[in-house]
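K.L.:
Build me a model:
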Amino acid sequence: MSKRNNELETWRGACGKLAAHPPFTPGRGKILVCREPSEKEVGAIILPDAHLVPSRKGIVIALGAVALNGMGGQIPFWVKVGDLLYFPAHIGTEVQLGDVLPYDLLFLHESDVTGKVN
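P.N.:
You can find the predicted model right below:
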């Protein structure tokens, strides 16, 4: 298994544990995502943090209350905890827990999600 595959397996495990007890509760119509770590190496070249493009993938670890439509009806989520999602790179509100979790967490509107892996 490559170094990158090991890193991704560690990330999936950490996000899975975090989903059992999320550190934050998202607001109405929002989701909390654990963003996949950016790849710091391209071949033998190590990229400095300033040149890294944020990953566009993440795992849902928490859902907020369902959104409401204009008539007060509920709009159910189409994603669920544990789903692997794709979203634009520079979107959402980023939260970092520093030494508790080395991965970025993002609050996203469900409508910001580009798609999910089935």
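K.L.:
got the contact list for residue 35?
P.N.:
By C-beta atoms under 8 Å, 6 or more residues apart in numbering, the contact set of residue 35 is 54-55, 57-58, 94, 103-106. In this view, the C-beta of every residue, glycine as well, is placed from N, C-alpha and C.
K.L.:
for the protein, where's the lowest mean pLDDT among helices and strands?
P.N.:
strand 41-42 (a mean of 52; mean pLDDT, DSSP states H and E).
K.L.:
pLDDT (mean, whole number) over stretch 91-105?
P.N.:
Here stretch 91-105 scores 79 as its mean pLDDT.
K.L.:
Buried ones in it, by neighbour count?
P.N.:
Using 16 or more other C-beta atoms under 10 Å as the test for burial, stretch 91-105 gives 92, 101, 103-105.
K.L.:
Of all pairs in these, which one is the farthest apart?
P.N.:
92 and 101 (16.3 Å; C-beta to C-beta).
K.L.:
do you know how far residue 35 is from residue 67?
P.N.:
22 Å (C-beta to C-beta, to the nearest Å).
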